[in-house]
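**Q** Just to be clear, the model below is a prediction. Sequence and coordinates:
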Amino acid sequence: MKILSANSNLNLANKIADKLDMPLSAMAVRRFADKEIFVNIDENVRGKDIFIVQSTSFPANDHLMELLICIDALRRASARRVTAVLPYFGYARQDRKSEGRTPISAKLVANLITTAGADRVLTMDLHAGQIQGFFDIPTDNLFAGPVLREDIRENYGTDKLMLISPDVGGVVRTRGIAMRLGADIAIVDKRRPKPGTSKVMNIIGDVKGRKCILVDDIVDSGGTLVGAAEALLEQGATEVSAYCSHGVLSNGAADRIASSQLKELVITDSINQPQKVLDAPNIRILSIASLLAKAIRRIANEESVSALFD
Ligand code: R5P
């Protein structure tokens, strides 16, 4: 097997390679003057089991295109099997027709990855589990839950702990972590008057005197978490922190989080972060390199991936 990385998250790819005790294979991803992408795989991959790591994070379209072109290059170089490892699968929020005459971009992106020549996909915390079915190739969807859960246990304990789903769609995810911590859950009834803005309508559950932890798959503008934290504190929560799998953190989100009432935001390294986020006083990053490395090893050895979560 060999592991390669395009440009979106070399830090994570290097950590995964370290855990697998192998170097990243040499590959160059360059831009022509007009920004077209050109890929050169600098070592023989004929007959190899290839894992190509690339999150389709900001700039999403460039990173997606890099991935597609890398897969094409690997196919044409006669790799035996190509697994697209997407620690963060972007476009996932466009997973249904939210209104008339709109696309289902998550399905389109799944088709593009398949058509480019990927044999399988390895990803983590898809926005909606059913996106797995958008791919007509085997797709493993890992959960950051165990990593987040152990960090919560270590840093917050379980006394007076309450886990909060910031919207109805996140209840299953939140309950999964809460059950294993023996914690109660509450739910934020959130509305989106228009894309990019969110409004808290109600809190379902009694959060008075509780140490609250919001659990979400994505933090993007931070609006959902900041609004939820305010509402929870108003309802008597003693403190509010948040754990999210994917730190999209666009458009001044790091500043918004820093000046909010959130005690702390914990994200994973599924998306590489700029210095501004690394320097943020109340944002902490957990690595999922070990989880991904174990899953890659299991796929290469034709072993169960779900056994990682037993
Ligand atoms: C939405 O359903 C997702 O789970 C997140 O809650 C959302 O993407 C967060 O967005 P923002 O940080 O912009 O409020």
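**A** Arrived safely. Everything quoted here is computed from the prediction, not taken from an experiment.
**Q** Restrict stretch 255-267 to CA atoms and write it as PDB.
**A** Extracted in PDB, the C-alpha atoms of stretch 255-267 (Å, rounded to 0.1, in the frame of the first residue of the first chain):
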ATOM      1  CA  ASP A 255     -13.300  36.000  16.000                       C
ATOM      2  CA  ARG A 256     -17.000  35.300  16.500                       C
ATOM      3  CA  ILE A 257     -16.100  32.300  18.700                       C
ATOM      4  CA  ALA A 258     -13.500  34.300  20.600                       C
ATOM      5  CA  SER A 259     -15.800  37.100  21.500                       C
ATOM      6  CA  SER A 260     -18.700  34.800  22.300                       C
ATOM      7  CA  GLN A 261     -19.900  33.300  25.600                       C
ATOM      8  CA  LEU A 262     -18.600  29.900  24.600                       C
ATOM      9  CA  LYS A 263     -16.000  28.700  27.100                       C
ATOM     10  CA  GLU A 264     -14.300  26.500  24.500                       C
ATOM     11  CA  LEU A 265     -14.700  25.100  21.000                       C
ATOM     12  CA  VAL A 266     -13.100  21.800  20.300                       C
ATOM     13  CA  ILE A 267     -12.700  20.700  16.700                       C
END
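**Q** Let me see the mean pLDDT of it.
**A** In this model, stretch 255-267 carries a mean pLDDT of 97.
**Q** Find out how far that stretch is from the centre of the chain, if you would.
**A** Relative to the centre of its chain, stretch 255-267 is centred 18 Å away, using Cα atoms, centre = their mean, to the nearest Å.
**Q** Alongside the ligand, which residues does the stretch 101-250 of the chain contribute?
**A** 166-167, 169-170, 198, 216-224 (Cβ under 6 Å from any ligand atom). The C-beta positions use only the backbone N, C-alpha and C, and glycine is treated the same way.
**Q** and if we set it to 8 Å?
**A** Residues of the stretch 101-250 of the chain found near the ligand (Cβ under 8 Å from any ligand atom) are 127, 166-167, 169-170, 190, 196, 198, 216-225, 227, 244, 248, 250.
**Q** Would you check that residue 235 makes contact with residue 202?
**A** No - contact criterion Cβ atoms under 8 Å: residue 235 and residue 202 do not qualify, at 9.7 Å.
**Q** Looking at those two, which is more packed in?
**A** Taking other Cβ atoms under 10 Å, residue 235 and residue 202 do not tie; residue 235 has more neighbours (16 against 12).
**Q** List the residues that contact the more buried one.
**A** 203, 207-208 (Cβ atoms under 8 Å, 6 or more residues apart in numbering).
**Q** now for the longest strand seen in the chain, which elements pack on it?
**A** The longest strand of the chain (DSSP state E) is strand 184-194. Contact here means 3 or more Cβ pairs under 8 Å, 6 or more residues apart in numbering; DSSP states H and E; on that basis strand 184-194 packs against strand 161-165, helix 171-181, strand 197-204, helix 223-234.
**Q** Can I have the buried ones of the residues of the stretch 101-250 of the chain next to the ligand as a PyMOL selection?
**A** Here is the PyMOL command that picks out the buried ones among those, judged by 16 or more other Cβ atoms under 10 Å:
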select buried, resi 127+166+167+170+190+198+216+217+218+219+220+221+222+223+224+225+227+244+248
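**Q** Tell me the buried residues in the longest helix seen in the chain?
**A** Criterion DSSP state H: the longest helix present in the chain is helix 60-76. Neighbour counts over helix 60-76 (16+ other Cβ under 10 Å) mark 60, 62-75 as buried.
**Q** Please apply the same query to stretch 292-304.
**A** 292-300.
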